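Participant: Sequence plus the predicted model coming up.
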Amino acid sequence: MMYMPLKPIRRGSKYFILSEATTGYVYNRILYTGDCDDEIFSIDNIIRKLTMDLEGENFRIFMNRFYTSPKICFDLMKFNFSSVEQL
């Protein structure tokens, strides 16, 4: 359970979710537990864990600027993903 003071409902769970854009089908999700270990919840590791079951499927990943970096884009290209980022 997380406390998020700026949200209308202040207590809840935080998930990182990879879903299909048209239907909303959830491919994978990660529950954020609030651990302080930066290695586990680095953006690179989150994206890698979310997409590892879909390697080689030639999907296009859409991300907002929180998840965008050149390293992430190159890592996705290595596994046959294309990406569209908001800058």
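Facilitator: That came through, no problem.

Participant: any idea of the mean pLDDT in the helix or strand containing residue 72?
Facilitator: For residue 72, the host element (DSSP states H and E) is helix 70-78. Helix 70-78 comes out with an average pLDDT of 88.

Participant: C-terminal to that helix, what's the next element?
Facilitator: strand 82-85.

Participant: who does that following strand touch, helix- and strand-wise?
Facilitator: strand 60-63, helix 70-78 (3 or more CB pairs under 8 Å, 6 or more residues apart in numbering; DSSP states H and E). (C-beta placed from N, C-alpha, C; glycine too.)

Participant: For it, list the C-alpha coordinates in PDB.
Facilitator: The C-alpha coordinates for strand 82-85 follow below in PDB (Å, rounded to 0.1, in the frame of the first residue of the first chain):
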ATOM      1  CA  SER A  82      10.600  -0.400 -32.100                       C
ATOM      2  CA  SER A  83       9.800   2.500 -29.800                       C
ATOM      3  CA  VAL A  84       8.000   5.800 -30.000                       C
ATOM      4  CA  GLU A  85       8.800   8.300 -27.200                       C
END
